[in-house]
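Enquirer: Pasting the sequence and the predicted coordinates here, then a few questions.
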Amino acid sequence: MVPFRKRPVVVVTRRLPGAVETRMRELFDTRLNIDDKPMSAADLAEAVASADVLVPTVTDSINASVLAQAGPNLRLIANFGNGVDNIDVQAALARGITVTNTPGVLTEDTADMTVALILAVSRRLAEGARILPEDEWTGWSPTWMLGRRITGKRLGIVGMGRIGQALARRAKAFGLSIHYHNRRRVDGRLEEELEATWWDSLDQMLARMDVVSVNCPHTPATYHLLSARRLKLMRPDAIVVNTARGEIIDENALARMIEAGELAGAGLDVFEHEPAVNPRLVRLARTGRVVLLPHMGSATQEGRVDMGEKVIVNIRTFMDGHRPPDRVLPSML
Ligand code: 8YV
């Protein structure tokens, strides 16, 4: 890595926490997006043409055609986010541009939100929370608002990386038994600690779970991993939660099956075509069988500052001519 000779021009595509922006302005020649409007393809093309470093987020598609317009100075894309499916990493690497992300700092927050969705769907939290503000409570009754118990149920985690493991720890404390499918089986000691059962076959795991949680990255290999065929393998009283990426589930098939009573419900924080949400899912959310959140999994004040700090460390390390700690490598895609 070759150090920068000057303060690098760093283009940040969205507003970041104040403390992060202030620090970035102290350290770099930072160009902020003051009105926080998502950048168009033309804005992004202009940004990559002038920047030494681009700091995009999940709302920016840094695809091959944007990258084709990169100027000779663009050497680093320091993504503000863990997932890098918004970036054509291969195309960036082919142009000699390093890509980094922000792993680790949003693990716990995302795992918390996953548990919140499991509880929300199973215990009908969204439906219940609507009753009082709408003045619809006529009083307690033994048979009203009955959800499903989660203690004693089987949780199948699709993707046992950092977030999957953090979810497993929480779920174990809630009395769920832990099952997982992952490309690679995790270390034996970790399996023992989590009392987790590894399923080589995703199909076989899905057929036996009460709750399935998607916690793997979106890559070409995981696109529609939960396809119509796989969703059909699930038990009709099972639920699905997704805090990873919408593209991993065939949303139309999911909605169809919940409408038909072939699946009990879903808790979704992410969608195939954000910010658009499949209208069938929106309709189901009105019935309470589906709980929808607007991509809030990692949205904590602490998490966003930590993510910003990671971005800064990645840029500074790179600027100094060293390998940044969170380099995205082709083997991770
Ligand atoms: C972030 C996420 O909010 O980091 C990720 O991969 O999905 C989110 O939790 C977003 O990516 C910020 O760019």
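Expert: Nice, thanks for sending it over. All values derive from a computational prediction rather than experimental measurement.
Enquirer: sec struct for the closest residue to A45 other than its chain neighbours, please.
Expert: Nearest in space to A45, with sequence neighbours left out and distances taken as CB to CB, 6 or more residues apart in numbering, is Q69 at 4.2 Å. For every residue, glycine as well, the C-beta is placed using N, CA and C. Three-state call for Q69 (DSSP: H, G, I helix; E, B strand; the rest coil): coil.
Enquirer: neighbours around Q69, how many?
Expert: 15 (other CB atoms under 10 Å).
Enquirer: quick one: low-confidence parts of the stretch 51-200 of the chain?
Expert: Within the stretch 51-200 of the chain, no stretch has pLDDT under 70.
Enquirer: And the residue nearest the centre of this protein?
Expert: A244 (3.4 Å; CA atoms, centre = their mean).
Enquirer: thinking again about what came up before, pull the contacting residues for the residue nearest to A45.
Expert: Listed by CB atoms under 8 Å, 6 or more residues apart in numbering, the contact set of Q69 reads 45, 48-49.
Enquirer: Mind giving me the PyMOL command for buried ones among these?
Expert: Command for PyMOL that selects the buried part of the contacts of Q69, burial taken from 16 or more other CB atoms under 10 Å:
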select buried, resi 45+48
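Enquirer: hang on, the earlier thing: quick one, phi psi at the residue nearest to A45?
Expert: phi -100, psi 10 (degrees, to the nearest 10).
Enquirer: about what we covered before: from the contacts of Q69, which land in helices?
Expert: When DSSP state H defines the helices, the subset of the contacts of Q69 inside them is 45, 48-49.
Enquirer: residues near the residue of the stretch 151-300 of the chain found nearest the ligand, how many?
Expert: Minimum separation of the stretch 151-300 of the chain from the ligand (CB to the nearest ligand atom) falls at S298, amounting to 3.2 Å. When counting by other CB under 10 Å, one arrives at 24 neighbours for S298.
Enquirer: Next up, the contacts around the closest residue to it other than its chain neighbours.
Expert: Leaving aside its chain neighbours, S298 sits nearest to L106 (3.6 Å; criterion: CB to CB, 6+ apart). Residues in contact with L106 (CB under 8 Å, 6+ apart) are 82, 297-298, 303, 306-307.
Enquirer: would you list these in JSON lines and tack on secondary structure?
Expert: Shown next, in JSON lines, are those (three-state DSSP):
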{"residue": "N82", "secondary structure": "coil"}
{"residue": "G297", "secondary structure": "coil"}
{"residue": "S298", "secondary structure": "coil"}
{"residue": "G303", "secondary structure": "helix"}
{"residue": "D306", "secondary structure": "helix"}
{"residue": "M307", "secondary structure": "helix"}
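Enquirer: quick one: contacts for the closest residue to the ligand within the chain?
Expert: Here the residue of the chain nearest the ligand is G81; by CB to the nearest ligand atom that distance is 2.7 Å. Contact partners of G81, counting by CB under 8 Å, 6+ apart, are 57-58, 101-102, 307.
Enquirer: what's A78 sitting at in phi/psi?
Expert: Dihedral angles (degrees, to the nearest 10) for A78: phi -100, psi 90.
Enquirer: Run through the bridge partners of it.
Expert: For A78, the beta-bridge partners are T100 (DSSP bridges).
Enquirer: Wait, it touches V55, no?
Expert: Yes. A78 is within contact range of V55, at 5.2 Å (criterion: CB atoms under 8 Å).
Enquirer: who touches both of these two?
Expert: 311, 315.
Enquirer: more crowded one of the two?
Expert: V55 (32 against 24).
Enquirer: Relative to L67, how far out is L44?
Expert: Here L44 is placed at a distance of 10 Å from L67 (CB to CB, to the nearest Å).
Enquirer: try V158
Expert: From V158 to L67 the distance is 30 Å (CB to CB).
Enquirer: which one of the two has more residues nearby?
Expert: Taking other CB under 10 Å, V158 and L67 do not tie; V158 has more neighbours (28 against 22).
Enquirer: contacting residues for the closest residue to that one other than its chain neighbours?
Expert: In this structure, V158 finds its nearest non-sequential neighbour in V214, 5.1 Å apart by CB to CB, 6+ apart. Residues in contact with V214 (CB under 8 Å, 6+ apart) are 158-159, 225-226, 240-245, 248-249.
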